[in-house]
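Chemist: Below are the sequence and a predicted model for it; my questions follow.
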Amino acid sequence: MTTTGSEDVQHVSWVEMQYTDIVGRLRSISIPYDSKLLQAKIDGSSVGIDDVSSSDAILVADRSTLAYIPWLNGWSRAICDIFRSNSTRHSADPRFTAQRLEAYASELGMEVLLGVEVEFFVFEKLDVLFSPPTLAGYRFKLVDRGGRGSLSNYHSSSDKLLEYRVELVNTLTKYFNTVISGHHHEVASSQLELSVSAGRPTATGDSVQTVKYVAKAVAKSKGLKAVFMPKPLHGENGSGMHVHASLWSGSKNLFHDPDDVYGLSQLARYFVGGLIYHAKALAALVAPTINSYRRFIPGFEAPVYAVWGYRNRSAAIRVPVARGEFDTRVEFRPPDPSANPYLALAAIVMAGLDGIRKSIDPGDPVDRSAYEMRAELRDRRLPSSLLEAIDELYSDGEFLKPVFSEELLERYINAKTREALEVAAAPSPTEVLVYQDI
């Protein structure tokens, strides 16, 4: 086993075997380190990938992801693939879906590159007060106070958050081989952003899970709490997980056309058309929590309508300013960090590929704020709830079938439906405040 860190990994005695369940939670089981065999058995029914009648599953470590865990003496981690037997992959393994996407794109003569901007909050403290049916509330203690307009902390250098960012990025690059292309304070109070460099879908999914894992651990070591829920603070921007996509054939960027006014090829426009056409169904996979839909409101730099635009941050699909062929890409803005990254990334690409296959014209780009076009864009409105998004996915999921198994989609829809009903059944503190005297 190798690491980019300076520690002597010959003394590693335990491996945290990490894997991702259907809804995107990073889970693990720890086993003694064995240089020849890195496998473990799990109960698949306990994590939603199997029924109790047939629940044994096998984790097999991807040795390329082995990394020393600097805060656990003598421990390493490995990201794992899930198998049903020693030779059969588990069709409900989200990582397998990303790998199937890579194979599918390769059959089409393409390679997919995806970069991700991960936004999240870092709080001094988060207290959740919940003792049903008589007590429900929460309290945040901010590291710094920001907000929009003149109060914005965008690109500021709060000492405590800067120190945290430096340690987080150093840990990711030194120990976990995660390439970060940039990081900064985001607009909202106590909010940060890390940009993960573009890579293949599986590796990018691994990087997102690693960022969340390390961000939480480094925060805990400093007495802080990293929070990846999309909209924890009322009245401030939420956290997105913007995905930057491009398709390549060898060294040629298939999205680039130097003669186009936006630098976009016709193939890229069809890709955008697919994203627009399937945007409502995609919502269930890229914005998969009840809290996600607190973010989809006008005025907070989050998308509300399935339109595209050049440099337009109010649009669901944005074409960023590019410095040339290598930099030409399409940015999909609805995703947030509560998403299962393997499923979200695979679904985004499959929607775009369906647009290419069907030559879906995205129409003209929107060159003004989509928030001001409510009447014109009524039919383009993204879902306003998780249950609505699940219904859209149920009726428009065929485009996913080449790489998403029937079992995975069924288990995902069932799990998210149960979650939506369970969370929606609990009145929020705001509801009590507003409706107590009706």
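Modeler: Sure, I can see it. Bear in mind the structure is a predicted one, so any value in this text is a computation, not a measurement.
Chemist: From here on, just use CA atoms for contacts and neighbour counts.
Modeler: Fine.
Chemist: surely residue 93 meets residue 44?
Modeler: No: contact criterion Cα atoms under 8 Å: residue 93 and residue 44 do not qualify, at 10.4 Å.
Chemist: mind listing the helices in the protein by residue range?
Modeler: For the chain, the helices defined by DSSP state H cover 94-107, 159-175, 201-221, 266-277, 279-286, 292-295, 341-358, 386-395, 406-424, 429-435.
Chemist: Figure out which of those is closest to residue 185.
Modeler: helix 159-175 (7.9 Å; Cα to Cα).
Chemist: Hey, what's the angle from that closest one to helix 201-221? Just curious.
Modeler: Orientation of helix 159-175 against helix 201-221 (axes from the mean of the first three to the mean of the last three Cα atoms, to 10 degrees) gives an angle of 130 degrees.
Chemist: What helices and strands are in contact with helix 159-175?
Modeler: On a contact count with 3 or more Cα pairs under 8 Å, 6 or more residues apart in numbering; DSSP states H and E, helix 159-175 meets strand 180-185, helix 201-221.
Chemist: Residue 91 and residue 408 touch, don't they?
Modeler: Yes: Residue 91 is in contact with residue 408 according to Cα under 8 Å; the separation is 6.5 Å.
Chemist: quick one, which of the helices of the chain is nearest to residue 114?
Modeler: Among the helices of the chain, the nearest to residue 114 by Cα to Cα is helix 201-221 (6.2 Å).
Chemist: Buried residues, that closest one. List them.
Modeler: By 16 or more other Cα atoms under 10 Å, the buried positions in helix 201-221 come out as 201-212, 214-219.
Chemist: Quick check: the gap between the residue lying closest to residue 100 once chain neighbours are set aside and residue 67.
Modeler: Nearest non-adjacent residue to residue 100, counting by Cα to Cα, 6 or more residues apart in numbering: residue 403, 5.5 Å away. Distance, residue 403 to residue 67, using Cα to Cα, to the nearest Å: 29 Å.
Chemist: swap in residue 274?
Modeler: Counting by Cα to Cα - residue 274 and residue 67 are separated by 38 Å.
Chemist: which of the two has more neighbours?
Modeler: When neighbours are counted by other Cα atoms under 10 Å, residue 274 and residue 67 differ, and residue 274 comes out ahead with 27 against 24.
Chemist: Number of residues surrounding the closest residue to that one other than its chain neighbours?
Modeler: With Cα to Cα, 6+ apart as the criterion, residue 274 has its nearest non-adjacent residue at 3.6 Å, and that residue is residue 355. Neighbourhood size, residue 355 [other Cα under 10 Å]: 26.
Chemist: Over to the one 10 residues further on?
Modeler: Residue 365: 15 surrounding residues under other Cα under 10 Å.
Chemist: which ones are touching it?
Modeler: In this structure, residue 365 makes contact with 307, 308, 309, 310, judged by Cα atoms under 8 Å, 6 or more residues apart in numbering.
Chemist: measure it to residue 308 for me?
Modeler: 5 Å.
Chemist: again with residue 187
Modeler: According to Cα to Cα, residue 187 and residue 308 sit 23 Å apart.
Chemist: So if I had to pick from those two, which one is more boxed in?
Modeler: Applying other Cα under 10 Å to residue 187 and residue 308 shows that residue 308 carries more neighbours, namely 29 against 25.
Chemist: hang on, the more buried one packs against residue 330?
Modeler: No: with contact defined as Cα under 8 Å, residue 308 does not reach residue 330; the gap is 9.6 Å.
Chemist: circling back: neighbour count: residue 93 and residue 44, which is higher?
Modeler: More neighbours surround residue 93 than the other of residue 93 and residue 44, with 25 against 20 (other Cα under 10 Å).
Chemist: For the more buried one, which non-adjacent residue is spatially closest?
Modeler: Spatial nearest neighbour of residue 93, excluding adjacent residues (Cα to Cα, 6+ apart): residue 82 at 5.9 Å.
Chemist: Let me know how buried that neighbour is, in neighbour terms.
Modeler: Neighbours of residue 82 (other Cα under 10 Å): 29.
Chemist: partner residues bridging it?
Modeler: Going by DSSP bridges, residue 82 is paired in beta bridges with residue 59.
Chemist: Appreciated, that's everything.
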